[in-house]
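**Student:** Kindly generate the corresponding structure for this input.
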Amino acid sequence: MAFFDTNSSTVRFSTSAFLLVIIVLVYLPDQLESIKAATFSSLRSILNNTRIDTNLTASITNIRKLPCMSECLNNVNCMSAGYHSNNTECRLHSVLDSGSSGVPETGWEYFSIQEDFCRKENFVHNRILDICYSVEPGLKNCPDAMGTCASIPASLLTVDSQEKQDWLQEVCVANNITGVYFDMYKDGVWKLRSTGMTPSYTNWDDGQPDSTGTDVCVASKPNFNWMWHDYPYPWKAGIICEIRRP
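**Tutor:** Numbers count the residues shown, from 1 in each chain. Here you go, the predicted model:
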């Protein structure tokens, strides 16, 4: 187990590494055991002597650094954490901040919890479902939606489980998205663009899919109870881009 300091090439091994594992096991509830990225190896110190005040989700006082980091690991909405060793103050943040808006203050350390594959601006890592995603602004037709994600580079969202379908609905409601495209294409049968394989999970509405052409995409809308429908290319929908774990 190691902490990585981006300001130095040194990798410092801590004798308390075993305690980190114990703390994670104690702090994480049973339902979060499947979190793939919630490990202390994903924590990186990226800023020093800078206080971040934006996107604050929690502030905890009289707490040591390791429990502070555990609080972030245990909170699916925590993407970064700040800690002041002298004040024993812990701050949890919902995004990874560049530090450009930070306030100079000696004693602060700022840690990222995001893994390397999800270190893209505006992307969030849902650690329970292991989804690295970004909600893009506006509505676009299917080819333009694919192009938006490809330029990042990323892909349109793949929904491959009921848990991810339920999460999608929550994200759409929270962001006022009235419909969203998926990363699927029709080649005789529907396939996943990411693998070229037929999907193991689907959520088709009754009578769907019903298109006979190939210039169609799959989308989900609230007025069909989020069930899947196929739509012609010109139809416009919201965009959620996804970066998949290598």
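
**Student:** Secondary structure element for the most centrally placed residue in the chain, which one?
**Tutor:** Nearest residue to the geometric centre of the chain (Cα atoms, centre = their mean): residue 125, 2.0 Å. Secondary structure assignment for residue 125, by DSSP states H and E: strand 124-126.

**Student:** Equivalent analysis for residue 185, please.
**Tutor:** Assigned by DSSP H and E, residue 185 falls in strand 184-187.

**Student:** and the next helix-or-strand element following that strand, what does it pack onto?
**Tutor:** Note on strand 184-187: by DSSP H and E, the next helix or strand toward the C-terminus is strand 189-192. Applying 3 or more Cβ pairs under 8 Å, 6 or more residues apart in numbering; DSSP states H and E, one finds that strand 189-192 contacts strand 184-187. Heads up, the C-betas are built off the backbone N, CA and C, glycines and all.

**Student:** Just checking: what are the partner strands of the strand it packs on?
**Tutor:** strand 189-192 (antiparallel) (DSSP bridges).

**Student:** what does the strand it pairs with contact?
**Tutor:** For strand 189-192, contacts defined as Cβ atoms under 8 Å, 6 or more residues apart in numbering pick out 158, 160, 183, 184, 185, 197, 198, 199, 202, 209, 218.

**Student:** could you dump these to JSON lines with distance to residue 229 and pLDDT?
**Tutor:** Putting the contacts of strand 189-192 into JSON lines (distance: Cβ to Cβ, whole Å; pLDDT from 0 to 100) gives the following:
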{"residue": "158", "distance to residue 229": "17", "pLDDT": "94"}
{"residue": "160", "distance to residue 229": "18", "pLDDT": "92"}
{"residue": "183", "distance to residue 229": "16", "pLDDT": "94"}
{"residue": "184", "distance to residue 229": "12", "pLDDT": "94"}
{"residue": "185", "distance to residue 229": "15", "pLDDT": "91"}
{"residue": "197", "distance to residue 229": "21", "pLDDT": "93"}
{"residue": "198", "distance to residue 229": "18", "pLDDT": "94"}
{"residue": "199", "distance to residue 229": "15", "pLDDT": "94"}
{"residue": "202", "distance to residue 229": "12", "pLDDT": "96"}
{"residue": "209", "distance to residue 229": "7", "pLDDT": "94"}
{"residue": "218", "distance to residue 229": "7", "pLDDT": "96"}
